[in-house]
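Asks: fold the following.
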Amino acid sequence: MSYVLSARSSLAYLSVVLLTFLAASSAPTPLYHVYQEAWQFSPGMLTMVFGVYALSLLAALLTVGSLSDYIGRRPVLRVALLLNMLSMLAFIYARDVSWLLAARVVQGFATGMATSSLGAALLDNDRNKGPLLNSLAPLLGMALGGLGSGLLVQYAPWPTGLVYAVVLGVLVVQAVLLVWLPESVSAQPGALASLRPRLSVPPQARAAVWRMLPVNTAVWMTGGFFLSLAPSLVRAATGSTSNLIGGALVATLTLSGAGAIYALRTVAAEKVLRLGTVLLAIGIGLVLLAANQQALTLFFVGAVIAGAGFGSGFLGSARSVLPLAHAHERAGLMSTFYVLSYLAFCAPAILAGFLVRSIGLVATSDGYGMLQIALCVVALVGMWLRRGVRAISA
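Replies: Have a look, this model is predicted:
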């Protein structure tokens, strides 16, 4: 009998691969201003480089997001790993902004394939730990990618290539180890039909999806802002020229989020959502104040609090929705969850990038943040009304 990974080793492998994909996604963030200075492109183009990644990821979720429910987790993950390797090579050999756009398109599609398959596989292996790992691994990955890339850009040789070479090596090792990952679902008919773009939400999960939507939208808008415009905002508002600022901001947000997820892992999902909504609104308010007061320290204080809201909001959303799916519904529901999330992640940030030209970076950021705070208020009102209805019914 051929060797296969144990259940515990499989869970660790899947978590590390998910972490790696998200680390790769945030690795270009500290390099954006390096590329911008070298190739002289606009803030609008910068957010487009960021945005095409998310749009490509959405395309993957809408087409191949449910495919692993029909052909198995391993075949989908194998293709995703190969595509991500290809994107790393494109980053390494990039010569102008068109190379960056191409690399991000390939990377986005690979990540979309991987996140739905990996998320479903984690739930297959452990329904209790799966939602926690689905929330924790992406945030730790973005922190590792942003901060690690910033350190390499600041202190290591070959600033525009070394980080991608490191990620490429890790992906190669993971592709080899995939051979020993046991398959967690059996093949079934319907693979071709599943490629038709659609959002799949099982009936038992629909009410929960609507309830978590305002918070989840505000949460992912935060991620989009910090991974696109926030580094430029800090540089413009404070005059800092350090290559570490962008990566440090991403790491502060996501490590704070990861800490909140771990600390709140046993708390009821509704309480986690409520706390996350309040913290997110406060944190975003502090970031806006920092931008207008040109206070670098306050930026990071706001990032810590917003990060706690980011993490707890993400965990509460995931735990409210994902466990409601049956085995052959998980990848489809995971895909829908990420489609809604990544729409909030990319669309407002792309629009904001083009608004910068006409109204400026600080004013654009103010409008972006106020929209997030408004969504948090809507979510809190909805939670309060639901608690009132339950109290009356009791």
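Asks: please, where are all the strands along the chain?
Replies: Using DSSP state E, the chain contains no strands.
Asks: contacts only, for the residue positioned nearest the centre of it.
Replies: Centrality entry for the chain: nearest residue to the mean C-alpha point is P138, 6.1 Å, by CA atoms, centre = their mean. P138 makes contact with L18, L19, L22, T115 under the criterion CB atoms under 8 Å, 6 or more residues apart in numbering. The C-beta positions use only the backbone N, C-alpha and C, and glycine is treated the same way.
Asks: nearest residue to V106 other than its sequence neighbours?
Replies: Distances taken as CB to CB, 6 or more residues apart in numbering place S87 nearest to V106, at 4.1 Å, with adjacent residues excluded.
Asks: quick check, the one you found in contact with L100.
Replies: No. At 10.5 Å, S87 does not count as touching L100 under the criterion of CB atoms under 8 Å.
Asks: chain center to stretch 134-145, what's the gap?
Replies: 8 Å (CA atoms, centre = their mean, to the nearest Å).
Asks: and stretch 138-146, by the same measure?
Replies: 9 Å.
Asks: could you dump that stretch to CSV, C-alpha only?
Replies: Only the C-alpha atoms of stretch 138-146 are listed here, as CSV (Å, rounded to 0.1, in the frame of the first residue of the first chain):
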residue,chain,number,x,y,z
PRO,A,138,-5.1,33.5,4.8
LEU,A,139,-4.3,36.2,7.3
LEU,A,140,-1.1,34.7,8.5
GLY,A,141,-0.2,34.2,4.8
MET,A,142,-0.8,37.8,3.9
ALA,A,143,1.2,38.9,6.9
LEU,A,144,4.1,36.7,6.0
GLY,A,145,4.0,37.7,2.3
GLY,A,146,3.8,41.5,3.0
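Asks: and it, what's its mean pLDDT?
Replies: For stretch 138-146, mean pLDDT rounds to 93.
Asks: same check, this time on stretch 236-253
Replies: 87.
Asks: same question for stretch 46-61.
Replies: 90.
Asks: what's the answer for stretch 117-129, then?
Replies: 89.
Asks: what residues sit buried inside that stretch?
Replies: Within stretch 117-129, the residues that qualify as buried by neighbour count (16 or more other CB atoms under 10 Å) are S117, L118, G119, A120, A121, L122, L123, D124, N125, D126.
Asks: may I have it as PDB, with CA atoms only?
Replies: Coordinates of the C-alpha atoms in stretch 117-129 are reproduced here as PDB (Å, rounded to 0.1, in the frame of the first residue of the first chain):
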ATOM      1  CA  SER A 117     -10.500  23.500  -3.100                       C
ATOM      2  CA  LEU A 118      -8.300  24.000   0.000                       C
ATOM      3  CA  GLY A 119     -11.100  25.500   2.000                       C
ATOM      4  CA  ALA A 120     -13.400  22.500   1.200                       C
ATOM      5  CA  ALA A 121     -10.600  20.000   1.900                       C
ATOM      6  CA  LEU A 122     -10.000  21.500   5.300                       C
ATOM      7  CA  LEU A 123     -13.600  21.100   6.200                       C
ATOM      8  CA  ASP A 124     -13.600  17.600   4.800                       C
ATOM      9  CA  ASN A 125     -10.700  16.700   7.200                       C
ATOM     10  CA  ASP A 126     -12.100  18.500  10.300                       C
ATOM     11  CA  ARG A 127     -15.400  20.300  10.500                       C
ATOM     12  CA  ASN A 128     -14.500  21.800  13.800                       C
ATOM     13  CA  LYS A 129     -11.000  23.100  13.000                       C
END
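Asks: local confidence estimate at S2?
Replies: Confidence score, pLDDT, at S2: 68.
Asks: please apply the same query to S393.
Replies: At S393, pLDDT is 62.
Asks: same thing with A268?
Replies: The model's pLDDT for A268 equals 92.
Asks: phi, psi for it please.
Replies: phi -60, psi 140 (degrees, to the nearest 10).
Asks: ok so, going back, export the buried residues of stretch 117-129 to TSV and append columns for distance to R235.
Replies: Formatted as TSV, the buried residues of stretch 117-129 follow (distance: CB to CB, whole Å):
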residue	distance to R235
S117	37
L118	34
G119	34
A120	39
A121	40
L122	37
L123	40
D124	44
N125	43
D126	42
